[in-house]
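1. Take this sequence and fold it.
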Amino acid sequence: MDTSFTPPATADKREFYALLAEQTRALLQGERDWLANLSQFSALVYGALGEVNWAGFYMVRGQELVLGPFQGKVACVRIPFARGVCGACAREQTVQIVPDVHAFPGHIACDADSRSELVLPVRVRGQLCAVFDIDSPRPGRFDAEDAVGLAAMLTVLVDATEWP
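-> Residues are numbered from 1 along each chain as shown. Here you go, the predicted structure:
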């Protein structure tokens, strides 16, 4: 299967994410393993979105997040719910769009090059099981359209995956 993805130059964000959701569906078709699917999802997002220097998952373990499948530089391994953008997402179970991570109280600088961040909760059967985190070296890289598009992609992932 050809897993390469190049969005059309004229695609607006809504169209871009609709195409990515279809690519996600095709990529995960026939595979239910959570580790394989989260790894593939991270690679797809990292490769398809421009100006991204990290994309991946943190898995919920008690009151902390533990590093899961990702693409990018080495990362923080454990993040308490009480700290950082990922912790805020897990604690509040809401999307976090941060245009300037240096202005976010309690930000954890895993990569000094990161300037903006988007974190989405991942729920399975109504329970928070992970967060999906994307970082960019460009301030203000992410907006509500990115959050909506990635949430739709995560729905495809959740539905295609057998979770532990």
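
2. Going by C-alpha atoms from here, please, whenever you check contacts or count neighbours.
-> Fine.

3. how long is stretch 68-88 end to end?
-> 18 Å (C-alpha to C-alpha, to the nearest Å).

4. tell me the mean pLDDT over it?
-> The average pLDDT within stretch 68-88 is 96.

5. Please tell me how far that stretch is from the chain's geometric centre.
-> 11 Å (C-alpha atoms, centre = their mean, to the nearest Å).

6. what does it rub up against?
-> Stretch 68-88 is contacted by residues 35, 38-39, 42-43, 46, 53-59, 63-67, 90-91, 96, 98, 104-108, 110-111, 117, 119, 131, 133 when judged by C-alpha atoms under 8 Å, 6 or more residues apart in numbering.

7. in that stretch, what's buried?
-> Within stretch 68-88, the residues scored as buried using 16 or more other C-alpha atoms under 10 Å are 68-72, 79-81, 83-88.

8. go on, stretch 15-22?
-> Buried, per 16+ other C-alpha under 10 Å, within stretch 15-22: 16, 17, 18, 19, 20, 21.

9. Quick test: name the residue nearest the centre of this protein.
-> By C-alpha atoms, centre = their mean, the chain has its centre lying nearest to residue 132, at 3.1 Å.

10. That one in helix, strand or coil?
-> Following DSSP: H, G, I helix; E, B strand; the rest coil, the label given to residue 132 is strand.

11. Residues in a beta bridge with it, which ones?
-> For residue 132, the beta-bridge partners under DSSP bridges are residue 57, residue 120.
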